[in-house]
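K.L.:
No sequence on hand, only this structure:
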């Protein structure tokens, strides 16, 4: 089997006719662009013939949240990945917000409802791997306006965690950030770990 792939057959989002001189220089350094400014075939790194990358399993919850790469302009990330480490598995949940199964924002302008929807989406991604919030070890919380919304954020998070009797609480970081859509007011990343049965 050939270890080369024809990238021309893949969907490229960049226009080769509009590359800047700087882009051309850097893409040639990466081996993506040939000297005549055409895309070179992908070559699978030979190092992985002896040492394959760790197995990564994409996690889906299509009844709750869409896949990011299904957008008209695809976003190149998975909603979540599961990594297996012998008797343990780790779930890495990407930044998740108040987005529905059709990929549309829910509760525009309502920070509190967006946060609850975000928890709902994450709960379903955890459930897709047989996990719960009791397996969550870390969260990173991105608020568009942390000064305005942190008070409500903390009330809801504390209420949600207390309702589930989480003890100990996950490690956490809160950050003010401009999110990918203007309509999104909050987004969470989550790491979870559990034993494999």
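P.N.:
Arrived safely, thanks for sending. Everything numeric in this text was worked out from a predicted model, so none of it was measured.

K.L.:
which ones are touching the closest residue to residue 121 other than its chain neighbours?
P.N.:
Nearest non-adjacent residue to residue 121, counting by C-beta to C-beta, 6 or more residues apart in numbering: residue 65, 4.7 Å away. Every residue, glycine included, has its C-beta placed from N, CA and C. The neighbourhood of residue 65, defined by C-beta atoms under 8 Å, 6 or more residues apart in numbering, consists of 79, 96, 99, 100, 101, 121, 124, 125.

K.L.:
what sits against the residue of the chain positioned farthest from its centre?
P.N.:
When distances are taken from the C-alpha mean of the chain, residue 36 lies farthest, 35.5 Å away, according to C-alpha atoms, centre = their mean. By C-beta under 8 Å, 6+ apart, residue 36 lies in contact with nothing.

K.L.:
Can you name the helix or strand that the most centrally placed residue in the chain falls in?
P.N.:
Central residue of the chain (C-alpha atoms, centre = their mean): residue 94, 2.5 Å from the mean position. Per DSSP states H and E: residue 94 is located in strand 88-96.

K.L.:
pLDDT (mean, whole number) over that strand?
P.N.:
What strand 88-96 shows for mean pLDDT is 96.

K.L.:
now do stretch 160-176
P.N.:
On average, stretch 160-176 scores 96.

K.L.:
Which residues outside that stretch are in contact with it?
P.N.:
By C-beta under 8 Å, 6+ apart, the residues outside stretch 160-176 that reach it are 119, 132-134, 136-147, 150, 153, 190.

K.L.:
got it, and stretch 83-92?
P.N.:
For stretch 83-92, the surrounding residues in contact (C-beta under 8 Å, 6+ apart) are 54-57, 59, 80-82, 125-126, 129, 131, 135, 190-196.
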